[in-house]
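A.B. asks: Task: produce atomic coordinates for the following.
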Amino acid sequence: MWINGTWRKQFQNKLCKVCNIKIITTDPRKQYCSTKCKQKLNQSGKQYHLKYKFGITQTEFIKMILDQDNKCLICKTEFSDSIKPCVDHNHETEEIRGILCFKCNTGIGLFTENINVLFSAIDYLNNSSNRSYRRTRSSAIASS
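C.D. replies: The predicted model follows:
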């Protein structure tokens with residue numbers, strides 16, 4: 001197939017992973033025939049991820065979110081289109097602890113799920129006013 005001045009191989013034997021319609025494309029990565037099928041494929045991918053990684057269904061995931069009032073268990077922020085819920089689990093035991101927002105889930109991971117490191121961080125924040133070396137640029141500008 002001639003496209004934009006270059007010859008591209010046509011992958012005519014591909015089938016849509018959702019509806020099994022033949023796909024004629026030059027993109028070997030394409031797995032769907034339409035936007036509708038792409039959305040279905042992405043949704044089924046999320047369900048597969050929940051089942052494969054955490055051993056829960058989409059229904060169980062939604063029930064867990066509703067059981068905690070649609071809020072992150074740490075910061076209490078309500079889940080929305082921009083604040084998506086994440087499954088938090090213990091990396092050693094693989095047990096699910098709850099549903100957190102992305103920031104809180106990532107924060108726990110960055111602190112390597114170590115309670116002593118988290119307590120050290122709390123102490124650091126509580127005692128930071130005692131060792132203030134100099135003001136940040138934004139606070140210096142605000143006070144002038």
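
A.B. asks: where do the strands sit along this protein?
C.D. replies: With strands called from DSSP state E, the chain shows them at 2-3, 6-7, 11-15, 22-25, 85-89, 96-101.

A.B. asks: Kindly reformat those as TSV containing mean pLDDT, mean neighbour count and distance to residue 34.
C.D. replies: Glycine gets a C-beta too; all of them are placed from N, C-alpha and C. Output for those, formatted as TSV (pLDDT from 0 to 100; neighbours: other CB atoms under 10 Å; distance: least, CB to CB, whole Å):
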stretch	mean pLDDT	mean neighbour count	distance to residue 34
strand 2-3	54	8	20
strand 6-7	56	8	26
strand 11-15	67	13	13
strand 22-25	77	14	10
strand 85-89	93	18	28
strand 96-101	95	20	32
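
A.B. asks: I figured residue 77 was touching residue 70, is that so?
C.D. replies: No - Residue 77 is beyond contact range of residue 70, at 9.9 Å (criterion: CB atoms under 8 Å).

A.B. asks: per-domain residue ranges of the chain.
C.D. replies: 1-55, 57-132 (automatic domain parsing).

A.B. asks: Go through these and find the least confident stretch.
C.D. replies: Lowest mean pLDDT within the domains of the chain: domain 1-55, at a mean of 71.
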